[in-house]
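Colleague: what follows is a predicted protein model with its sequence.
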Amino acid sequence: MRIPLQQSGDMPLYRQIETYLRRQILDGVLAPETKLPASRQLAQELGVSRITVNNAYAILESEGLIYSKGGSGVYVLARTTQPAEPGAVPPDSWPRWQQAIAQKVELPYEVLHASPRPANRHPKPIRFTGVGDPREYPIKDLMRAMHDVLQRNGASALEYGGLDLPKVVASVIGEELAPTGGFSVTYAAHTSIGTLPLVYFGTEEQKARYLPKLASGEWIGAYCLTEPESGSDALAAKTRAVLSEDGRHYILNGTKQFITNSGFADLFTLFAKIDGEQFTGFLIERDTPGLSLGEEEKKLGIKSSSTRQVILTDCRVPVENVLGEIGKGHRIAFNVLNIGRFKIGAGGVGGSKAAIADAVAYANDRKQFGRPIASFPLIGQKFAEMATRTYVCESALYRCVGAIDEAIGGRSGADAVLAGIQEYAVECSILKVLGSETLDHCVDEGVQIHGGYGFLQDFPIERAYRDSRINRIFEGTNEINRLFVPGTLMRKAVRGELPLIAAATRLQAELREGGADGDAVGNLKRLALLLAGMAMQRFGTTVEQEQEILLVLADLLIDVYAVEAAVVRAEQSGSAVHATMARIAVDDAQDRARSRALRVLPRLVAADALTAQAGLVEQLTKRQAFDVIAAQREVAAAVYAAGGYPG
């Protein structure tokens with residue numbers, strides 16, 4: 001068998017051999033036992049004097065792929081043994097090649113091997129230490145094993161192998177998979193941004209060709225929008241598409257950056273500008289001539305996911321693979337990102353719950369000063385804050401996806417779904433910010449509760465901490481999403497669609513005459529209106545340049561949306577702990593609102609009006625007497641009783 005190698009200063013020949021063989025054997029392309037040419041034959045084929053292949057084989061042997069020297073200097077590669085059946089098999093008993101794979105990926109022990117976690121005090125089932133090459137990870141096998149879940153993710157219509165279920169269901173699945181880290185990213189990228197552009201914008205022929213494979217997990221999807229020089233400014237993409245002379249293909253050139261699933265994706269949804277102007281979507285199959293991949297990125301977290309460049313060099317894409325209308329690619333890109341954003345919110349909820357559960361188990365077990373650290377009030381306070389933030393985020397999540405499903409109204413078809421999603425685009429951005437930052441808080445406190453052990457790779461919280469960080473960058477940075485929230489309102493005001501200044505003026509008069517009422521959430525809404533009106537009156541059409549003010553407005557609007565959801569949910573549930581968490585959330589939101597508003601007020605009003613306007617802020621953020629410490633101890637007790645999140 002001839003190995004396709006090239007002389008390159010970037011990668012030694014022995015490393016090329018190692019990479020090629022590893023990919024072929026572990027992906028199942030080669031038979032378990034395969035004959036390979038001797039080093040002398042390789043050298044002759046490559047036109048070099050000698051090549052040391054033993055280096056490659058030694059590495060393969062250390063990974064559990066052994067070799068022996070047969071007749072005439074031919075090497076024979078074979079696995080040591082067959083993998084054990086899934087079950088409660090001690091990791092030390094697994095075949096070496098299986099242990100190597102396990103050490104290379106960042107999946108929880110239970111998910112990867114369907115085995116219960118050992119009950120010893122500080123479990124060390126696997127050391128997740130390897131950087132890992134996702135080509136070694138049998139990702140497609142796992143995706144196919146999740147066939148039933150893939151069908152039920154709501155991504156595909158009935159006729160193409162899916163169940164077309166509500167967005168609430170997709171959120172529940174996203175919650176449950178979130179603790180799997182890198183795999184949850186692979187799954188979410190495939191079922192959301194990797195598949196939905198085709199679902200919502202594809203032709204019937206395109207859907208019939210690709211959706212059954214994507215819905216079953218036989219094929220994996222990837223979404224290619226970001227470029228080396230265009231991240232947040234996606235429409236500044238430089239990838240070009242030119243129609244071929246015969247009119248049968250578009251010829252694409254350019255590079256896409258940070259593409260999730262790219263290492264094992266079969267279908268790429270990619271955006272390019274036709275003739276450098278018309279931003280358009282394309283469906284590109286993996287084996288299309290001219291499509292190549294960069295090296296696997298070495299990432300801080302989500303290491304079992306694949307992230308590479310997708311490189312297009314005179315890539316010939318059939319004209320029938322244009323996705324949607326020419327020049328309307330932005331409709332695809334941004335609508336699909338909205339779905340990805342609320343799914344990050346779902347992942348944030350699920351990941352936060354897992355972090356709380358891990359930290360509770362550790363805090364109950366860990367003893368210092370003669371007692372479990374869970375018994376100390378400051379540890380309890382941490383759990384109360386983690387649970388409260390998670391409760392608020394969860395409430396906002398299902399408020400949003402429930403509203404989207406209601407807007408869709410049970411109708412099928414892309415237009416109905418897109419209309420529902422577009423109507424709640426601002427809320428999707430809110431969830432993206434809220435979910436990612438709630439998760440960041442929970443995993444950070446989880447590490448702190450673990451102390452030094454939280455810094456070790458043997459404990460799940462360490463991986464959760466690293467995996468969490470990317471969520472504030474995915475699907476538009478949190479800064480971009482924050483600016484979008486008030487920016488949408490401001491643009492409507494500039495166009496005359498929203499009488500913001502008039503409404504704020506009326507509110508000021510009402511407050512001076514009668515003061516604020518006792519509705520804390522209602523007063524937070526009034527404060528948002530007051531500040532937005534001041535900003536519009538002060539800056540007019542240039543208000544979008546005042547990003548610091550927009551940031552304050554965004555945080556205030558996020559708090560209003562989320563806290564209101566928590567309060568309404570608590571009232572409906574009748575749960576005492578829900579009511580306590582909602583009350584804590586309101587109290588915290590009032591504190592944040594007051595501080596932020598007073599910080600930007602001097603930028604919004606003249607010095608002689610500052611005192612009067614500050615008085616209005618004080619009215620709208622006035623807190624009722626409330627024993628927060630007692631409330632947090634109540635929530636902490638509920639966390640301990642539940643062994644995790646008490647929702």
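Modeller: Okay, I see it.

Colleague: avg pLDDT for the helix or strand hosting Val401?
Modeller: When elements are defined using DSSP states H and E, Val401 is found to belong to helix 377-408. The predicted model gives helix 377-408 an average pLDDT of 96.

Colleague: what helices and strands are in contact with that helix?
Modeller: With contacts defined as 3 or more Cβ pairs under 8 Å, 6 or more residues apart in numbering; DSSP states H and E, the packing partners of helix 377-408 are helix 167-177, helix 329-365, helix 414-423, helix 425-450, helix 547-573, helix 576-604, helix 628-642. All C-beta atoms are positioned from the backbone trio N, CA, C, and that covers glycine.

Colleague: and that helix, which residues are buried?
Modeller: Of the residues in helix 377-408, those scored as buried under the neighbour-count criterion (16 or more other Cβ atoms under 10 Å) are 379-401, 404-405, 407-408.

Colleague: next, the angle helix 167-177 makes with that helix.
Modeller: With axes from the mean of the first three to the mean of the last three Cα atoms, to 10 degrees applied, the angle from helix 377-408 to helix 167-177 works out at 150 degrees.

Colleague: that older thread, okay, the helices and strands packed on helix 377-408 in JSON lines with mean neighbour count and distance to Ile470 next?
Modeller: Putting these into JSON lines (neighbours: other Cβ atoms under 10 Å; distance: least, Cβ to Cβ, whole Å) gives the following:
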{"stretch": "helix 167-177", "mean neighbour count": "21", "distance to Ile470": "15"}
{"stretch": "helix 329-365", "mean neighbour count": "25", "distance to Ile470": "10"}
{"stretch": "helix 414-423", "mean neighbour count": "17", "distance to Ile470": "23"}
{"stretch": "helix 425-450", "mean neighbour count": "25", "distance to Ile470": "9"}
{"stretch": "helix 547-573", "mean neighbour count": "21", "distance to Ile470": "20"}
{"stretch": "helix 576-604", "mean neighbour count": "19", "distance to Ile470": "25"}
{"stretch": "helix 628-642", "mean neighbour count": "17", "distance to Ile470": "27"}
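
Colleague: shaky segments in this structure?
Modeller: By pLDDT under 70, the weakly predicted segments of the chain are 1-139, 145, 147-165, 410, 412-413, 515-516.

Colleague: hang on, the earlier thing: any chance of TSV for the helices and strands packed on helix 377-408, columns distance to Gly301?
Modeller: TSV is the format used below for the helices and strands packed on helix 377-408 (distance: least, Cβ to Cβ, whole Å):
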stretch	distance to Gly301
helix 167-177	16
helix 329-365	12
helix 414-423	28
helix 425-450	10
helix 547-573	24
helix 576-604	28
helix 628-642	26
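
Colleague: let me know which of the ones you listed is the nearest to Ile311.
Modeller: helix 329-365 (19.5 Å; Cβ to Cβ).

Colleague: the next helix or strand after the closest one pairs with which strands, parallel or anti?
Modeller: The element immediately downstream of helix 329-365 (helix or strand, assigned by DSSP H and E) is strand 367-368. Strands adjacent to strand 367-368 in the sheet, as given by DSSP bridges, are strand 371-372 (antiparallel).

Colleague: give me the contacts around the partner strand.
Modeller: When contacts are taken as Cβ atoms under 8 Å, 6 or more residues apart in numbering, the neighbours of strand 371-372 outside the stretch itself are Ala363, Asn364, Asp365, Arg366.

Colleague: and the last one, how many residues sit next to it?
Modeller: When neighbours are defined as other Cβ atoms under 10 Å, Arg366 has 17 of them.

Colleague: can you tell me the closest non-neighbouring residue to it?
Modeller: Leaving aside its sequence neighbours, Arg366 sits nearest to Ile373 (Cβ to Cβ, 6 or more residues apart in numbering; 5.0 Å).

Colleague: the one you found and Ala363, how far apart?
Modeller: Counting by Cβ to Cβ, to the nearest Å, the gap between Ile373 and Ala363 amounts to 5 Å.

Colleague: mutual contacts of those two, please.
Modeller: Among the neighbours of Ile373, those also in contact with Ala363 (Cβ under 8 Å, 6+ apart) are Ile379, Ile449.

Colleague: on that earlier part again, looking at the helices and strands packed on helix 377-408, which is nearest to Ala241?
Modeller: Between Ala241 and the helices and strands packed on helix 377-408, the shortest separation by Cβ to Cβ is 10.3 Å, and it involves helix 329-365.
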